[in-house]
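Student: Quick check, what structure comes out for this input:
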Amino acid sequence: MEIFRGAIDGGMRGGIPTEKHENVITYYGNYKEYVSYLSINNLKKGHVFLLDKQGIIRFRGIGFASEEDISEMLGLAEKL
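Tutor: I've put the predicted structure just below:
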């Protein structure tokens, strides 16, 4: 797997605007525990989680965000 990381990362970054690259992370490992823990039912949609300092999920978003979703998440983030 180690020898393919550069190609995988490059391919992923190819579909993401350059200014957002610093916000992308690639996880190499068994993701099934995370998917189960986070109750992710659809891997074909994007997921965003806002956690507090204790690691408690304070906001969960799935799919494309609406303006309302973004405002809610940013409001919660400011309070944390």
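
Student: can you pull out the strands in the protein?
Tutor: In the chain, the strands defined using DSSP state E lie at 47-51, 57-62.

Student: low-confidence ranges in the protein?
Tutor: Counting by pLDDT under 70, the chain shows low-confidence ranges at 1-2, 12.

Student: ok, which stretches of it are helices?
Tutor: 5-14, 32-37, 67-79 (DSSP state H).

Student: Nearest the geometric middle of the protein, what residue?
Tutor: Centroid-nearest residue in the chain: residue 48, 4.6 Å away (criterion: Cα atoms, centre = their mean).

Student: Okay, the residue lying closest to that residue once chain neighbours are set aside and residue 30: tell me how far apart.
Tutor: Leaving out its chain neighbours, the residue that sits closest to residue 48 by Cβ to Cβ, 6 or more residues apart in numbering is residue 61, at 4.3 Å. Backbone N, C-alpha and C define where each C-beta goes, glycine included. Note on residue 61: its distance to residue 30, by Cβ to Cβ, to the nearest Å, is 24 Å.

Student: Between those two, which is the more surrounded one?
Tutor: It is residue 61, of residue 61 and residue 30, that has more neighbours when counted by other Cβ atoms under 10 Å, with 17 against 8.

Student: Wait, the more buried one touches residue 45, no?
Tutor: No - using Cβ atoms under 8 Å, residue 61 is not in contact with residue 45, being 9.7 Å away.

Student: Contact partners for residue 45?
Tutor: Residue 45 sits next to 62-63 when contact means Cβ atoms under 8 Å, 6 or more residues apart in numbering.

Student: Relative to residue 37, how far out is it?
Tutor: 17 Å.

Student: now swap in residue 70 and tell me
Tutor: Applying Cβ to Cβ to residue 70 and residue 37 gives a distance of 25 Å.

Student: Those two: which has the busier surroundings?
Tutor: Set side by side, residue 70 and residue 37 show more neighbours around residue 70, with 12 against 8, by other Cβ under 10 Å.

Student: okay, the helices of the chain in CSV with distance to residue 20 next?
Tutor: Shown next, in CSV, are those (distance: least, Cβ to Cβ, whole Å):
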stretch, distance to residue 20
helix 5-14, 9
helix 32-37, 21
helix 67-79, 15
